[in-house]
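**Q** this one's sequence-less:
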């Protein structure tokens, strides 16, 4: 099994508050959700390909809790790979 890590970081070094506006407010961070408006089709296709190759996922506690709220609720979506 191969371990692959994905780290989302902005050019100025922000590694916090990627998903939702209220996801991670530690340290007075007020710019949650900064990446979603910039998440273009190419990035989504790349991540889909990475996730499709995975045998398993290892999440941190916060990410696990966020994802767990969607399991069994969100329909399985398939994107065609170009």
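**A** The structure has been received and is ready for your questions. Everything quoted here is computed from the prediction, not taken from an experiment.

**Q** okay, CA-based contacts and neighbour counts for the rest of this
**A** Noted.

**Q** Check the burial of residue 49 by counting its neighbours.
**A** 13 (other C-alpha atoms under 10 Å).

**Q** Report pLDDT for it.
**A** Here, the pLDDT recorded for residue 49 equals 89.

**Q** Helix or strand: which one has it?
**A** Taking DSSP states H and E as the criterion, the element that holds residue 49 is helix 41-53.

**Q** quick one, helices of the chain?
**A** 41-53, 61-68 (DSSP state H).

**Q** Need those helices in CSV (columns: distance to residue 29).
**A** Shown next, in CSV, are those (distance: least, C-alpha to C-alpha, whole Å):
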stretch, distance to residue 29
helix 41-53, 24
helix 61-68, 16
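
**Q** Point out the one among those that comes closest to residue 34.
**A** The closest of the helices of the chain to residue 34 is helix 41-53. By C-alpha to C-alpha, the value is 14.6 Å.

**Q** so how far is the helix or strand of the chain with the lowest mean pLDDT off the chain centroid?
**A** Among the helical and strand segments of the chain, the one scoring lowest on mean pLDDT, DSSP states H and E is helix 61-68, with a mean of 83. Counting by C-alpha atoms, centre = their mean, to the nearest Å, helix 61-68 is centred 11 Å from the centre of its parent chain.
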